[in-house]
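Chemist: model the following, please.
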Amino acid sequence: MVNLLSKIKITVNDNIYLKDPESSELGKKIIQHAVIMIDEIGFEAFTFRKLGLKIDSTEASIYRYFENKQKLLIYLTAWYWGWMEYRLMLETTNISSAEKRLENVIALITATTNEKLIINDMDCNKLNQILISDSSKSYLTKEVDTINKEGVYSNYKQFVERIANIITEINPQYKYPNMLVSTIIEGAHLQTFFAIHLPRLTNKQKNADYITHFFTQMVLKTISKK
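Modeler: Below you'll find the predicted structure:
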């Protein structure tokens, strides 16, 4: 089933790009096909030259939008976390129980699906696979401190802080809410990757929601006031 949710505006820090890809048809095409290509061949093998051939454009035209492929990956991850924050708001609106809101958010972070979801021509299922395999490459770099000063990781930080606030609401004495949230996110990515590629590093279950169950149980026990 294809769900088409059009015209959702996700704000991305303008220090990431040279020209906003949302401002032109070529820019949108660059993002759309970059997601497809990175998912297919991996970030290491991905180049602007290959992308240019795919979209029948020049390598130079892509460089007018992004300084390098690292900045393109940062753009994709920033857009993803902006989209996830939008979904977080949908999952928690009008729910009075902080515990229930937290459970919904953990399910949002850890769930995997094969359902095709297209937003602004971007395949969000493929983008999710890129986050699982390659998101850490957007910040595990020698230039991270310089890049961070430009505010390019703000979408990820804001997403983490929103969830951390729910944890603090449940247990104001818990000292490590941001640490716990980032551990859930990165851990869920790793466990999903391990289940596919290195299964002896995880405990894959027949139940498709086992990663969600694991992190839900871990988090609720960790923040318990008892």
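Chemist: where do the strands of the protein begin and end?
Modeler: For the chain, applying DSSP state E gives strands covering 2-5, 116-119, 122-123.
Chemist: how about the spatially most central residue of the chain, what does it touch?
Modeler: With distances taken as CA atoms, centre = their mean, the residue of the chain nearest its centroid is Tyr80 (4.3 Å). For Tyr80, the contact set (CB atoms under 8 Å, 6 or more residues apart in numbering) comprises 124, 127-128, 131, 135. To be clear about C-beta, it is placed using only N, CA and C from the backbone, and glycine gets the same treatment.
Chemist: quick one: it and Gln32, what's the gap?
Modeler: To Gln32, Tyr80 is 14 Å away according to CB to CB, to the nearest Å.
Chemist: now Ser97
Modeler: Per CB to CB, Ser97 is found 39 Å from Gln32.
Chemist: neighbour count: these two, which is higher?
Modeler: Of the pair Ser97 and Gln32, Gln32 is the one with more neighbours under other CB atoms under 10 Å, namely 18 against 10.
Chemist: from memory that one sits against Ile119, does it?
Modeler: No - taking CB atoms under 8 Å as the definition, Gln32 is not a contact partner of Ile119, at 10.7 Å.
Chemist: lowest-scoring secondary structure element of this structure by mean pLDDT?
Modeler: Here the helix or strand of the chain ranked lowest by mean pLDDT, DSSP states H and E is strand 2-5, holding a mean of 45.
Chemist: return the subset of the contacts of Tyr80 lying in helices.
Modeler: 124, 127-128, 131 (DSSP state H).
Chemist: could you identify the longest helix within this structure?
Modeler: Using DSSP H, we find that the single longest helix of the chain is helix 69-92.
Chemist: so how far is that helix off the chain centroid?
Modeler: Here the centre of helix 69-92 is set off from its chain's centre by 5 Å, with CA atoms, centre = their mean, to the nearest Å.
Chemist: list the buried residues for it?
Modeler: 69, 71-88, 91-92 (16 or more other CB atoms under 10 Å).
Chemist: which ones are touching Val152?
Modeler: Applying CB under 8 Å, 6+ apart, the residues near Val152 are 13, 15-16, 74, 78.
Chemist: make it 10 Å
Modeler: 12-17, 71, 74-75, 77-78, 138-139, 144 (CB atoms under 10 Å, 6 or more residues apart in numbering).
Chemist: repeat for Met37
Modeler: 43, 45-47, 50-51, 54-55, 126.
Chemist: could you export those as CSV, including distance to Arg64 and pLDDT?
Modeler: Listed next are these as CSV, based on distance: CB to CB, whole Å; pLDDT from 0 to 100:
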residue, distance to Arg64, pLDDT
Phe43, 21, 96
Ala45, 23, 96
Phe46, 18, 97
Thr47, 16, 97
Lys50, 17, 97
Leu51, 13, 97
Lys54, 17, 95
Ile55, 13, 96
Lys126, 24, 93
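Chemist: what's around Leu102, how many residues?
Modeler: Leu102 has 22 neighbours, counted by other CB under 10 Å.
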